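Colleague: okay, here's the prediction I keep looking at, along with the sequence it came from:
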Amino acid sequence: MTAIQWSDGAPIYRQLKERVIAMMLDGDLKPGDALPSVRQVAAEYQVNPITVSRAYQELADESLIEKRRGLGMYVTEEAARKLLVNERERFLKEEWPAVLERITRLGLSAQDLLPAGDGRGGAQ
């Protein structure tokens, strides 16, 4: 895991959970990969082990990671597929409406949103 800047806007366990999810979506954590131990993460980020355990438990409750007795926590085989479906749905329901509202408010067209230099126009 890499350095994390904690924000005051959400509990640390939720921020830690989101970081693990981002690592899964980015391919940094693949199905079958082991997660760092609770103690290791707690020491590295100077957080309470209970905080790390709570983040890991939520990931386990969502079947994104699984505990292997005596071995630790591992990314499940279906984690990537589940995450992609869940994150796309969350984006479309929670984030996209605000983005679309902002696009409309600014009077931007689809052409304005395309990257410059791709042969399809776009803002300069």
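Modeller: Nice, I can see it. Residues are numbered from 1 along each chain as shown.
Colleague: quick check, pLDDT for the residue lying closest to Leu16 once chain neighbours are set aside.
Modeller: Excluding the flanking residues, the one nearest Leu16 by C-beta to C-beta, 6 or more residues apart in numbering is Ala55, at 4.1 Å. Just so you know, the C-beta spots here come from the backbone N, C-alpha and C atoms, and that holds for glycine as well. We have a pLDDT of 97 for Ala55.
Colleague: so Ala55 sits against Pro11, correct?
Modeller: No - counting by C-beta atoms under 8 Å, Ala55 stays clear of Pro11, with 9.3 Å between them.
Colleague: these two: which has the busier surroundings?
Modeller: Higher neighbour count among Ala55 and Pro11: Ala55, with 26 against 13, using other C-beta atoms under 10 Å.
Colleague: any idea which helix or strand carries Ile21?
Modeller: Ile21 is part of helix 12-25, with elements assigned from DSSP states H and E.
Colleague: typo on my end, Glu66
Modeller: Glu66 belongs to strand 65-68 when elements are defined using DSSP H and E.
Colleague: partner strands of that strand, with direction?
Modeller: Strand 65-68 sits in its sheet next to strand 72-75 (antiparallel), going by DSSP bridges.
Colleague: and the contacts of the strand it pairs with?
Modeller: 24, 29-35, 37, 56, 59-60, 64-68 (C-beta atoms under 8 Å, 6 or more residues apart in numbering).
Colleague: likewise for stretch 90-98?
Modeller: By C-beta under 8 Å, 6+ apart, no surrounding residue is in contact with stretch 90-98.
Colleague: CA atoms of that stretch as PDB?
Modeller: The C-alpha atoms that make up stretch 90-98 are tabulated as PDB, following Å, rounded to 0.1, in the frame of the first residue of the first chain:
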ATOM      1  CA  ARG A  90     -22.500   3.600  -7.800                       C
ATOM      2  CA  PHE A  91     -20.900   6.100 -10.300                       C
ATOM      3  CA  LEU A  92     -24.000   6.200 -12.500                       C
ATOM      4  CA  LYS A  93     -26.400   6.700  -9.500                       C
ATOM      5  CA  GLU A  94     -24.400   8.900  -7.200                       C
ATOM      6  CA  GLU A  95     -21.600  10.700  -9.100                       C
ATOM      7  CA  TRP A  96     -22.800  11.100 -12.700                       C
ATOM      8  CA  PRO A  97     -25.900  13.100 -11.900                       C
ATOM      9  CA  ALA A  98     -23.800  15.800 -10.200                       C
END
